[in-house]
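Asker: Starting from these lines, generate the structure:
(one chain, ligands or ions: 2)
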Amino acid sequence: MSDIQAGCFSALLRPRRRKATTTKPALMAASEHPVRGPPPYSPAAPREGIYRPEVMETIEATLATLDVDLHQLSLSIHDHPELNFQERFAHDALTAFMAARGFAVTPHYLGLETAWRAEFVHMPGAKGARVVGVNAEMDALPGVGHACGHNLIAVAGVGVALALAAALRAHNTPGTVVLLGTPAEEAGGGKQLLLERGAYEEMNVCVMCHPMGGATQAVGFAPTLALQVINVEFFGHAAHAAFAPWEGVNALDAAFLAYGNVSALRQQLKPDQRVHGIVQGRDWTPNVIPDYAKMAWIVRASVWDDVVVLRDRVIKCLDAAAMATGCTHSITFGDRYRELHQNRVLAEDLAATAREQYGVPTSITGDVSSASTDFVTLPSIHPTYNIPTDGGAQNHTPGFTRASRTPEAHTATMLMARMLALTGFRVLDDGAFFEQVGCGAIPATHLHNDIFHAGEAVPRPRESGAGVYVVLGGLDVSWVHAARELYYR
Ligand SMILES: [Zn+2]
Ligand SMILES: [Zn+2]
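Answerer: Ligands and ions are numbered 1, 2, ... in the order given. Okay, here's the model as predicted:
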C-alpha cells in the first residue's frame, strides 16, 4: 500500500462488463430449508450490476451442491463449543472437510495447535497470479457456547474457498485460494499471532464475514476499535478488620480507588474511546482486610496510537491507587488488537452484488463501532450480516447461541459466502480492479495531510449526545481519525 494517488477513488466501481450469458441461473439450495429471514435467490433478480454473472452462476451452483454438507459441518461445530486455542474438534473437522475436497491442508499451522491452512492453486506458476485469503473462525464463549456464531463463520470461509476454487477451474483463471483456520478470536488474538508469524504475507487480499442479530437481511461494513488488555494485581497485608485494622494494607481498597480514578477519567474520553474493567479477588471475607485484588481492564480507541496514549492515562490511575493505599502492584499487558480497516473498494464491489443480485441492503460507514476484533489490516473486508434471532437477541447471549444453528442462519451465511466469493474472484481475475483495491486501504499515518486530496467530499459533522461527532459514509476508519482531529481542534 502506498500514499493516496490522485484518481484512486474516482470511477472505481464500474464493473468491467462482459457479455451476459443466457444460461439459466442455478437455483440455491435455500429451497431445501424453510426461509423466514433472508430472501431466497430468484432467477428473476437483476444481474446487470455485478461482475461476471456467469461466474456468479458457478459460485451459486457450487454452494448449492455443498449446502447440506456445510450445514451439517456447522451444526457439528456448534455441538462442540471450544474455547480459545482449544478448538481441536473444529480443527479436525474442518481440515478433513477441505482435504476431502482437494485442498492441500497444513494442520497445526505455524506452531499453533488449532490453527490450520488449506490451499488450492489453479494454473501454478502463472505470471501475475494473485492470492486471496479467507479466514475461518472457530472458537466459542465460556458458558454460552457458540454465542458469536463462529460455527457460521467457519463454514462461510469453507464455502467461499470451495466456490472460488470451482470458479477458477470453471473459468480457467489463474490464482490461489488460502483458507486459514484462525483460533482464539474471542480472547487470545489468534489472527494477531498468525500475522506475526507471517501467515498473511502471501495474501493480496483477505476476506471473512460475521453474523449479527437482525430481523431482515442486511450487510454492513464498519470499522472496529483497537484495544489493549491491562491486568493489574494489588498486593497488601491481611489483618483482622476490627481487632487490628491499622496493621492491614487493603488491596481491595486499592482496586476500588483504581476503579474510581478510571471512572473520573472516563468523562474526559473522546466518543470513540472506551475503558471498562472488573475487580477479581480470592478468599475475601468482611472481617479480614484483603491482602490481594486483581483487576482486568480493556482500553479501546478507533486507532492504535490513541490506545497507547489512553493506556498510559489508565496506568496512572492504577499507580495512584497503589500509592494511596500503600500496596505494591504489578501491571501486565494482555491481548492487543489493532483497529479493523475495511477496504472500501472491496466493500463497494460486494455491495453491488448484494444490491443487484439479491436485493439486500448494504451500509458502508466509517463511523466507529464499539467492539473490536483481531482481524488483520491488509486489504480486507469483514462484513457483518444479519441472522434472525428470537426477541432481537444479539451476539454473546444464549439467544444468539440458539439462532446460530437455525436453517435461517445457515441460509443467510451461504448468501454471504456467495457475495464474498464473487468479490474474491474479481480480485484474482480483474487486474485493474485489484490496483484500485490497493488504493482503497489507507494507512492511518498518512491521513493527517491527505484527507482531502482524494477528491472526496468534506465530511460533515453531526451532533451526538457526546458532542460534535463525525459520520463518514463509505470511508476508512482511518479517515474518521483524521476528521476527528480536524473537528476537535
Ligand atoms: Zn464475539
Ligand atoms: Zn465473533
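Asker: Show me which positions of stretch 261-274 end up buried.
Answerer: 261-262, 265, 269-274 (16 or more other CB atoms under 10 Å). All C-beta spots, glycine's among them, are computed from the backbone N, C-alpha and C.
Asker: for that stretch, the distance to its chain's centre please.
Answerer: 25 Å (CA atoms, centre = their mean, to the nearest Å).
Asker: So in this protein, which helix runs the longest?
Answerer: helix 53-79 (DSSP state H).
Asker: re the thing from before, could you pick out which of the buried residues of stretch 261-274 are located in helices?
Answerer: 261-262, 265.
Asker: Nearest to residue 280 among these?
Answerer: residue 262 (15.4 Å; CB to CB).
Asker: Please name the nearest non-neighbouring residue to the closest one.
Answerer: Among residues not flanking residue 262 along the chain, residue 317 sits closest, at 4.9 Å (CB to CB, 6 or more residues apart in numbering).
Asker: hang on, the earlier thing: let me know the closest of the buried residues of stretch 261-274 to residue 183.
Answerer: residue 274 (25.1 Å).
Asker: Could you verify my assumption that the closest one touches residue 306?
Answerer: No - look at residue 274 against residue 306 with CB atoms under 8 Å: they stay out of range, at 11.0 Å.
Asker: The longest helix of the chain: which residues count as buried?
Answerer: Applying 16+ other CB under 10 Å to helix 53-79 flags 53-64, 66-67, 69-71, 73-74, 76-78 as buried.
Asker: ok, then the element right after it?
Answerer: Later in the chain than helix 53-79, the nearest helix or strand by DSSP states H and E is helix 88-99.
Asker: which other residues reach that following helix?
Answerer: 69, 73, 76-77, 80, 82, 105, 107-108, 113-116, 118, 136, 138, 154, 158, 161, 179, 181, 183 (CB atoms under 8 Å, 6 or more residues apart in numbering).
Asker: Also compute the angle for it relative to helix 53-79, please.
Answerer: 150 degrees (axes from the mean of the first three to the mean of the last three CA atoms, to 10 degrees).
Asker: Show me how far helix 88-99 is from its chain's centre.
Answerer: 22 Å.
Asker: Repeat that for stretch 111-130.
Answerer: 22 Å.
Asker: Only the C-alpha atoms, please, for that stretch, written as PDB.
Answerer: Output of stretch 111-130 as PDB, limited to C-alpha atoms (Å, rounded to 0.1, in the frame of the first residue of the first chain):
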ATOM      1  CA  GLY A 111       3.100 -23.600  15.800                       C
ATOM      2  CA  LEU A 112      -0.500 -23.100  16.900                       C
ATOM      3  CA  GLU A 113      -2.200 -26.400  17.700                       C
ATOM      4  CA  THR A 114      -5.600 -25.400  16.400                       C
ATOM      5  CA  ALA A 115      -4.600 -23.200  13.500                       C
ATOM      6  CA  TRP A 116      -4.600 -24.600  10.000                       C
ATOM      7  CA  ARG A 117      -4.200 -23.700   6.400                       C
ATOM      8  CA  ALA A 118      -5.800 -25.100   3.300                       C
ATOM      9  CA  GLU A 119      -4.700 -24.100  -0.200                       C
ATOM     10  CA  PHE A 120      -5.900 -24.500  -3.700                       C
ATOM     11  CA  VAL A 121      -3.800 -23.300  -6.700                       C
ATOM     12  CA  HIS A 122      -5.100 -23.200 -10.200                       C
ATOM     13  CA  MET A 123      -2.600 -22.900 -13.000                       C
ATOM     14  CA  PRO A 124       0.500 -22.800 -10.800                       C
ATOM     15  CA  GLY A 125       3.300 -20.500 -11.900                       C
ATOM     16  CA  ALA A 126       1.000 -18.300 -14.000                       C
ATOM     17  CA  LYS A 127       2.600 -14.800 -14.200                       C
ATOM     18  CA  GLY A 128       0.900 -12.200 -12.100                       C
ATOM     19  CA  ALA A 129      -1.500 -14.700 -10.400                       C
ATOM     20  CA  ARG A 130      -2.800 -13.400  -7.100                       C
END
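Asker: List the buried residues for that stretch?
Answerer: 112, 114-122, 129-130.
Asker: Which ones among these map onto strands?
Answerer: 116-122 (DSSP state E).
Asker: Specify which member of these is nearest to residue 352.
Answerer: residue 122 (24.7 Å).
Asker: Can you report how many residues lie near the residue lying closest to that closest one once chain neighbours are set aside?
Answerer: Closest residue to residue 122 apart from its sequence neighbours, by CB to CB, 6+ apart: residue 168 at 3.9 Å. When counting by other CB atoms under 10 Å, one arrives at 25 neighbours for residue 168.
Asker: Doesn't residue 168 belong to a helix?
Answerer: Yes - under DSSP: H, G, I helix; E, B strand; the rest coil, residue 168 sits within a helix.
Asker: these two touch, right, it and residue 161?
Answerer: No - taking CB under 8 Å as the definition, residue 168 is not a contact partner of residue 161, at 10.8 Å.
Asker: okay, and the common contacts of those two?
Answerer: Joint contacts of residue 168 and residue 161 (CB under 8 Å, 6+ apart) are 120, 177.
Asker: hmm, back to that, now the buried residues of stretch 111-130 in CSV, with pLDDT?
Answerer: Compiled in CSV, the buried residues of stretch 111-130 are given as follows (pLDDT from 0 to 100):
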residue, pLDDT
112, 98
114, 98
115, 98
116, 98
117, 98
118, 98
119, 98
120, 98
121, 98
122, 98
129, 94
130, 95
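Asker: which pair in the residues you listed spans the largest distance?
Answerer: 114 and 129 (29.7 Å).
Asker: Skipping its backbone neighbours, what lies nearest residue 169 in space?
Answerer: residue 122 (5.9 Å).
Asker: list the contacts for that neighbour?
Answerer: Contacts of residue 122 by CB under 8 Å, 6+ apart are 165, 168-169, 173-176.
Asker: how about 7 Å then?
Answerer: Neighbouring residues of residue 122 by CB atoms under 7 Å, 6 or more residues apart in numbering: 168-169, 173-175.
Asker: re earlier: would you confirm that the residue nearest to residue 122 contacts residue 175?
Answerer: Yes - Residue 168 lies in contact with residue 175 (CB atoms under 7 Å); the separation is 5.3 Å.
Asker: List the residues that are in contact with both of these two.
Answerer: Shared contacts of residue 168 and residue 175, counting by CB under 7 Å, 6+ apart, come down to 122, 428.
Asker: got a list of contacts for the strand or helix carrying residue 257?
Answerer: Under the criterion of DSSP H and E, residue 257 resides in helix 251-266. The contact list for helix 251-266 (CB under 7 Å, 6+ apart) reads 232, 234-236, 275, 277, 279, 281, 284, 290-293, 295, 313-314, 317-318, 320-322, 324-325, 327.
Asker: Please flag which of these sit within helices.
Answerer: Checking the contacts of helix 251-266 against DSSP H, those in helices are 313-314, 317-318, 320-322, 324-325.
Asker: Show me the two of these that sit farthest apart.
Answerer: Checking the ones in helices among the contacts of helix 251-266 with CB to CB, the most distant pair is 313 and 325, at 19.8 Å.
Asker: More neighbours: these two, which one.
Answerer: residue 325 (23 against 15).
Asker: The more buried one - nearest residue in space that isn't next to it in sequence?
Answerer: residue 254 (4.3 Å).
Asker: Can you report how many residues lie near the one you found?
Answerer: So residue 254, with other CB under 10 Å, has 30 neighbours.
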